[in-house]
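Peer 1: Need coordinates for the below:
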Amino acid sequence: MQTLQELYLARCELSRSNPVQKGTTRGGHLFQLWKAHAHTLEEKGENMITPRMRRRIKRELSGERPTVWIGKEGATPKTVKEISRHLEKREMVKVKILKSALKEEEPRSISSKISQQTASTLIDIRGHTLILYRPRKKKKQL
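Peer 2: Got it, this is the predicted structure:
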């Protein structure tokens, strides 16, 4: 699979050989690249979070208190399961990592483990607080 940067570089090569047609802009090409990249991610089953969605999620959870706390035992399967339940219920969750959990690992490594185990996207890390997002699975209609 090509990364977004590789797609962009390939497009730049094409635009050098073919001049931009009248009525089109380079910004339009970037949008087409992003759309193609999003389509490949959908095929793989990964979520594509736009900057607008990221800002909306941050804004919604900025005033709320954390719903899950990670203690001295770290990210145990039990806490990961609890985070996954919250993600199924609300799509987004705010997690606080207590100082006792940070003796062995850093917040960045703990958050990346949790996001991989819950198949969610890490939206933001501020200090010892992180925000995770996972879109709800659509229910099949009969």
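
Peer 1: For residue 132, grab the count of nearby residues.
Peer 2: 25 (other Cβ atoms under 10 Å). Every C-beta, even on glycine, is put in place using the N, C-alpha and C of the backbone.

Peer 1: Once you drop chain neighbours, what's closest to it?
Peer 2: residue 120 (4.4 Å; Cβ to Cβ, 6 or more residues apart in numbering).

Peer 1: since we're on the one you found, how many residues are nearby?
Peer 2: 21.

Peer 1: Tell me the spacing between it and residue 54.
Peer 2: Distance, residue 120 to residue 54, by Cβ to Cβ, to the nearest Å: 13 Å.

Peer 1: Residue 85 too?
Peer 2: Computed as Cβ to Cβ, the residue 85 to residue 54 distance reads 23 Å.

Peer 1: Equivalent analysis for residue 130, please.
Peer 2: For residue 130 relative to residue 54 (Cβ to Cβ), the value is 13 Å.

Peer 1: how does the protein divide into domains?
Peer 2: Domains of the chain are assigned by automatic domain parsing as 4-44, 51-133.

Peer 1: Fine by me, thanks again.
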